[in-house]
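J.: This is a predicted model, with the sequence first.
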Amino acid sequence: MPGRPTPPFHGLVFSAPVEQQLYDSAFADIGQFLPYQRLLGFDAQVLAAATESGLPCFFTPGPEAFSAPAMLAWAQEKAGGTALLHLRAGPVAQARLIHGLANAHLCCESPGVARLDAGRHPFASQRTLPSGFGFHFTLGDDAGLCRIGGGKLPATPWWPLSGTLLDRSAASFSPMAASDWSGIAISSAGEAEAADWETHGRTPHASFQLKRLMLAYNRTQAAPVAAPILLPWNLANPASAVPDLVHKFARHLAAGREHTLIVLPYNRLPRKTPFLARLRDELRTQPAPGGARLLPQVGGQVFLARVLDLDGLRTLRRLAPVAWLDAADPEHEWNRRQLASFAIPALDTAAFADDELLIQGQDEFGACQFRASVVSYRGLGGLLAATAALRHETPALAAPERPLSALLAPEHAV
């Protein structure tokens, strides 16, 4: 039975569930990694862990390719050493091994909403890993992971955060021009081309999209009515309540309210249902108060955004936003800590969830159903009131006791 891999390691090999056709090489320096969303999800976790590790870091889009001994030997030679640790990021259900290397999982998930139809697949619980994993990094003392035929998986408390790369000092409002939006791909929900949001493409900054966002941002800041609201959306979570919340928020806007919502999709998996295109189509067909359609009526107040690089993180920090966290998101606790590392306060929607919704979806193991707690229209009023009160608070940041470089040092061997 695999045990805890023993340091020291000469380097780290990261992998994550990405579109393999985007990569020219099966094994490359970590600088070749192409994040879909730099702020959240496995993209941010890979880059934060690589920055903190203090070791040479590499990335492979397809760890399965190294099951052949010749391929593994080629990768080890390219990395300059044989003592490599494979660190897998992403949802537990998407875990993959590199046979012949020590394997660990970077688990930033807590147990999410349980499936109503448990399914017979051994990995359908989302808490089981292949037997080749030796241990996992986790947010707490124990993420409750186990491996096939091997009992519970040893855990090491540690979490990667990106905010340490930037200044956490309180942001102050100043009007923003088009040139200030460097590093963020952003479109209003009304004009966003679905194809741009289902791929890793860098969405062009169309002048009318930026104009709408700048007007909304500058208007709400100067009023002031409310800070821009960030809403992370985990595309790998079929039980997500984000689409339902966006629908209700859009109807709230259609009634004449002044707010700005910036949806941040992340954890985009290969060959997944086009959730973003479906959301836009639903908004286009749903009626607003008065008989009009929600889109394009509220298209200038609901936006989709992807943070592409460090400049984008700085731009987002300058917005001085607040965030809502989906209570049904398995990564909501890591998201809270990640946003806190940028001094962005966040509200958990669980405190305002006063209704239930039966969500039907599809995951790697077939059709699935979830019963999720959601925010009603009445609860939305309370959520918005609490958001306004939270605007000027700077959240405390609980940092890990030891950085990853210390956890991988020889004296930490078990």
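T.: Structure's in. What do you need?

J.: got a list of what G81 touches?
T.: 10-11 (C-beta atoms under 8 Å, 6 or more residues apart in numbering). From N, CA and C alone the C-beta is placed, and that goes for glycine too.

J.: So it belongs to a helix, correct?
T.: No: counting by DSSP: H, G, I helix; E, B strand; the rest coil, G81 is not part of a helix but coil.

J.: Look up how far E282 lies from it.
T.: 51 Å (C-beta to C-beta, to the nearest Å).

J.: Would you mark the buried spots in stretch 332-352?
T.: Residues 332-349, 352 are the ones in stretch 332-352 that count as buried (16 or more other C-beta atoms under 10 Å).

J.: From the residues you listed, which land in strands?
T.: 346-348 (DSSP state E).

J.: Tell me, what's the model's pLDDT at D363?
T.: D363 carries a pLDDT value of 68.

J.: can you check F352 too?
T.: 90.

J.: Confirm for me that it is in contact with L383.
T.: Yes: contact criterion C-beta atoms under 8 Å: F352 and L383 qualify, at 4.3 Å.

J.: Quick check: neighbours shared by those two?
T.: Contacts common to F352 and L383, judged by C-beta under 8 Å, 6+ apart, are V375.

J.: Can you tell me the closest non-neighbouring residue to P154?
T.: F135 (4.2 Å; C-beta to C-beta, 6 or more residues apart in numbering).

J.: Actually, R317.
T.: Nearest one to R317, counting by C-beta to C-beta, 6+ apart, is F342 at 5.4 Å.

J.: how about that neighbour, phi and psi?
T.: Here is the backbone geometry of F342 (degrees, to the nearest 10): phi -100, psi 10.

J.: where's it relative to A48, distance?
T.: 12 Å.

J.: can you pull out the strands in the stretch 1-150 of the chain?
T.: Under the criterion DSSP state E, counting those that start in this stretch, strands of the stretch 1-150 of the chain are mapped to 11-15, 28-29, 57-59, 84-89, 102-106, 128-129, 135-138, 146-147.

J.: okay if I get those as TSV plus distance to L40?
T.: Below are these laid out as TSV (distance: least, C-beta to C-beta, whole Å):
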stretch	distance to L40
strand 11-15	17
strand 28-29	23
strand 57-59	18
strand 84-89	12
strand 102-106	14
strand 128-129	22
strand 135-138	17
strand 146-147	26
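
J.: sorry, back to before: what pairs with the residue nearest to P154 across the strands?
T.: Counting by DSSP bridges, F135 forms beta bridges with A104.

J.: Next one, pLDDT for it please.
T.: On the pLDDT scale, F135 gets 80.

J.: do the same with L404
T.: Value listed for L404 in the pLDDT field: 59.

J.: With the one 10 residues further on instead?
T.: The per-residue pLDDT reported for V414 equals 35.

J.: Fine by me, thanks again.
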